[in-house]
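[1] Sequence and computational prediction follow.
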Amino acid sequence: MSALAQTQPTGKTRADVRAELIEAQRDGLVPTPKYDYPPSEAAIERNKALYAITHNGAEISPVSAAPTQSSSETVQ
């Protein structure tokens, strides 16, 4: 039983998932309606413009924008 307690769970951390979501938003891939998947070029450009407006046109790196989490928190 002690061997199970010592193993680390594998998978992405919450910070990894958050960084990927921010990157997808910045790249214009989300949000997208169900009927426009994968998103059209027009939807991607619109989403990029909206992202720039809501973030004051600043480039935000996914790593610096993601909240820090302890390394023990993972998403499986």
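    Cool, the structure landed. Values in this document were obtained by computation on a predicted structure and should not be read as measured data.
[2] Residues contacting the helix or strand harbouring Ile53, please?
    Using DSSP states H and E, Ile53 maps to helix 41-54. Residues outside helix 41-54 that contact it (C-beta atoms under 8 Å, 6 or more residues apart in numbering) are Gln25, Arg26, Asp27, Gly28, Leu29, Val30, Pro31, Thr32, Asp36, Pro39. Every residue, glycine included, has its C-beta placed from N, CA and C.
[3] what's the farthest-apart pair in those residues?
    Arg26 and Asp36 (18.6 Å; C-beta to C-beta).
[4] more neighbours, the two?
    Arg26 (19 against 10; other C-beta atoms under 10 Å).
[5] The more buried one and Tyr35, how far apart?
    Distance, Arg26 to Tyr35, using C-beta to C-beta, to the nearest Å: 23 Å.
[6] that older thread, show the buried residues in the contacts of helix 41-54.
    Gln25, Arg26, Gly28, Leu29, Thr32, Pro39 (16 or more other C-beta atoms under 10 Å).
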